[in-house]
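Enquirer: Quick one: sequence plus predicted model below, questions after.
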Amino acid sequence: MYIKISNILKNISFKLKQKSLYFEFKYYIAKKKSHIKDISYFERAMGKSYTLVELSHKYNAPIFVGNHVYKNHLNDISRMLYKKDANIRVADDRIRGQSFKIGLIEECVSVEIINSLIKPVCGIIIGYHNNY
């Protein structure tokens, strides 16, 4: 009985955290302001990647990741939710010269890459930065 209640509360907690992130990012998108949210090592399993996939599909915005492992992980989430791949790009020199209204940033992308490659090609950037 207690385990069942614990599992229900865990699921509710996950959904609340994820929806909180979703509406926080939607606020900044609506205001057309960039926002990079600092996250710590302890902020795990709160729907960060799930939120980026939802926003990518809603706004047709690319998600920038640091490597192909993250790209595959996010595409797995996208296929589970929408039965198709999201617009996911590895943040490297191939994005130079392109233009995006919104760029979504996964936590694995370094500040140097954000500043040198992603900011110049995006109107606004929304996402995460791990500070550990």
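Expert: That came in fine, so what should we check first?

Enquirer: and the helix or strand harbouring K10, how far out from the chain's middle?
Expert: Taking DSSP states H and E as the criterion, K10 maps to helix 2-30. Centroid separation for helix 2-30 versus its chain: 15 Å, with C-alpha atoms, centre = their mean, to the nearest Å.

Enquirer: Stretch 94-102 now?
Expert: That offset, for stretch 94-102, works out to 17 Å (C-alpha atoms, centre = their mean).

Enquirer: for the chain, what spans make up the helices?
Expert: Taking DSSP state H, the helices of the chain run over residues 2-30, 48-59, 68-82, 111-113.

Enquirer: Just send those back as CSV, with distance to Y128 and mean neighbour count too.
Expert: All C-beta spots, glycine's among them, are computed from the backbone N, C-alpha and C. Shown next, in CSV, are the helices of the chain (distance: least, C-beta to C-beta, whole Å; neighbours: other C-beta atoms under 10 Å):
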stretch, distance to Y128, mean neighbour count
helix 2-30, 9, 13
helix 48-59, 6, 20
helix 68-82, 12, 15
helix 111-113, 12, 12
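
Enquirer: Need the ones you listed in CSV (columns: mean pLDDT and distance to S40).
Expert: Output for the helices of the chain, formatted as CSV (pLDDT from 0 to 100; distance: least, C-beta to C-beta, whole Å):
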stretch, mean pLDDT, distance to S40
helix 2-30, 90, 14
helix 48-59, 92, 12
helix 68-82, 91, 19
helix 111-113, 89, 16
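
Enquirer: can you tell me which strand in the chain is longest?
Expert: Taking DSSP state E as the criterion, the chain has its longest strand at strand 122-130.

Enquirer: between that strand and helix 2-30, how big is the angle?
Expert: 150 degrees (axes from the mean of the first three to the mean of the last three C-alpha atoms, to 10 degrees).

Enquirer: Pull strand 122-130 out as PDB, backbone CA atoms only.
Expert: Extracted C-alpha coordinates of strand 122-130, given in PDB (Å, rounded to 0.1, in the frame of the first residue of the first chain):
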ATOM      1  CA  CYS A 122      19.500  32.000 -33.200                       C
ATOM      2  CA  GLY A 123      17.100  34.800 -32.400                       C
ATOM      3  CA  ILE A 124      16.600  33.500 -28.900                       C
ATOM      4  CA  ILE A 125      18.000  30.600 -27.100                       C
ATOM      5  CA  ILE A 126      16.200  28.600 -24.400                       C
ATOM      6  CA  GLY A 127      17.700  25.700 -22.500                       C
ATOM      7  CA  TYR A 128      19.900  24.300 -19.800                       C
ATOM      8  CA  HIS A 129      23.500  24.600 -18.600                       C
ATOM      9  CA  ASN A 130      24.900  22.200 -16.100                       C
END
